[in-house]
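**Q** Starting from these lines, generate the structure:
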Amino acid sequence: QLQLEESGGGLVQPGGSLRLSCAASGFTLDSYAIGWFRQAPGKEREGVSCISSSGAVRNYADFVKGRFAVSRDNAKNTVYLQMNSLLPEDTAVYYCAAHRDYYGASCNYYAMHSWGKGTLVTVSS
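**A** Numbering: from 1, shown residues only. So this is what the prediction gives:
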């Protein structure tokens with residue numbers, strides 16, 4: 001069973017930054033694409049960003065382009081989501097999820113099959 005754990009959430013003021021981490025245990029991340037998702041209170045979960053296993057493919061939702069950056073360090077078995085210029089509407093529980101990516105060139109929000117439990121990000125003054 002793949003296990004993912006998010007960390008790095010917290011309370012931040014508008015305009016501030018946070019870096020989320022998604023760490024894997026029990027398996028190595030280097031053959032998995034990782035997606036970041038979020039779910040705000042009363043709203044459906046939505047895809048935020050996705051990175052292929054090699055890091056060659058990185059996708060972003062329009063509402064975070066230019067503000068968020070996804071990266072990975074396969075040696076540390078961790079994927080990161082750097083979030084800058086945070087807005088109150090970024091408040092949500094953020095989740096990471098994984099799917100197999102043998103060739104390092106795909107990342108598909110709809111193919112995710114293993115999920116972390118989430119970390120809460122609150123953007124408020």
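**Q** which residues are in contact with stretch 56-66?
**A** Here stretch 56-66 makes contact (CB atoms under 8 Å, 6 or more residues apart in numbering) with 33, 46-52, 68, 70, 83, 89-90, 104-107. C-betas here are computed from N, CA, C, even on glycine.
**Q** and the end-to-end length of it?
**A** End-to-end distance for stretch 56-66, by CA to CA, to the nearest Å: 18 Å.
**Q** so how far is that stretch off the chain centroid?
**A** Taking CA atoms, centre = their mean, to the nearest Å, one finds stretch 56-66 lying 11 Å from the centre of the chain it belongs to.
**Q** List the buried residues of that stretch.
**A** For stretch 56-66, burial by neighbour count (16 or more other CB atoms under 10 Å) applies to 57, 59, 60, 61, 64.
**Q** which among these gets closest to residue 6?
**A** Proximity of these to residue 6 (CB to CB) peaks at residue 64, which lies at 16.3 Å.
**Q** and that closest one, what pLDDT?
**A** Here the pLDDT value assigned to residue 64 is 97.
**Q** and what of the one 4 residues further on?
**A** Reported pLDDT at residue 68 in the predicted model: 98.
**Q** Give me the phi and psi for the closest residue to it other than its chain neighbours.
**A** Counting by CB to CB, 6 or more residues apart in numbering, residue 68 lies nearest to residue 83, which is 5.1 Å off, once chain neighbours are set aside. With angles defined as degrees, to the nearest 10, residue 83 sits at phi -120, psi 120.
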